[in-house]
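> sequence unknown, structure follows:
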């Protein structure tokens, strides 16, 4: 079993140490246009959700996407389905990103939800977590992802 350390999200320090993985959000038509950020492993999120500010950073027009809504930890949230690619990147045991190692590419049929759903990206069940056995060790501030097979 491979363990990853908890980390503090650079843009949401009030969350403290939590289980994050680095993700690369890639423009659907230009693979050289992307942003790498940390995403929270969220076992309560049905699908992965990305704050709209990241779509703006890489010029994805999320406002024209299909409207969707759902309940998040912050209450009801609205978002829009948009074309994009999201790669979940690997980390070493100290928490440093390994940008050349992609664990998986997520998104449902090349789409993901952008919206004002949370201050940080959330990795949800339907398009990410269902593929893994997730073990969270809060006492030692670490987590693991194992194959579900």
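Yep, that arrived. It should be emphasised that the depicted structure is a prediction, and the values quoted were computed from it without experimental measurement.
> got the residue ranges for the strands in this structure?
Secondary structure of the chain (DSSP state E): strands located at 3-5, 20-27, 30-41, 49-51, 66-72, 75-83, 85-91, 97-106, 111-115, 122-123, 132-137, 142-147.
> For residue 104, which non-adjacent residue is closest in space?
Residue nearest to residue 104 in three dimensions, not counting chain neighbours: residue 88, with 5.2 Å by CB to CB, 6 or more residues apart in numbering. All C-beta spots, glycine's among them, are computed from the backbone N, C-alpha and C.
> Spit out the contact partners of that neighbour.
Residues in contact with residue 88 (CB atoms under 8 Å, 6 or more residues apart in numbering) are 21-23, 39, 102-106, 123, 128.
> returning to that earlier point: can you list the strands of the chain in TSV and add mean pLDDT and distance to residue 59?
Output for the strands of the chain, formatted as TSV (pLDDT from 0 to 100; distance: least, CB to CB, whole Å):
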stretch	mean pLDDT	distance to residue 59
strand 3-5	88	31
strand 20-27	89	7
strand 30-41	91	7
strand 49-51	89	14
strand 66-72	73	19
strand 75-83	78	12
strand 85-91	87	14
strand 97-106	82	20
strand 111-115	83	12
strand 122-123	86	22
strand 132-137	90	31
strand 142-147	86	31
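> Make a markdown table out of those and add distance to residue 57.
Output for those, formatted as a markdown table (distance: least, CB to CB, whole Å):
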| stretch | distance to residue 57 |
| --- | --- |
| strand 3-5 | 25 |
| strand 20-27 | 8 |
| strand 30-41 | 5 |
| strand 49-51 | 10 |
| strand 66-72 | 21 |
| strand 75-83 | 14 |
| strand 85-91 | 14 |
| strand 97-106 | 17 |
| strand 111-115 | 11 |
| strand 122-123 | 17 |
| strand 132-137 | 28 |
| strand 142-147 | 26 |
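> on that earlier part again, out of the contacts of residue 88, which are buried?
Buried members of the contacts of residue 88, counted by 16 or more other CB atoms under 10 Å: 21-23, 39, 103, 106, 123, 128.
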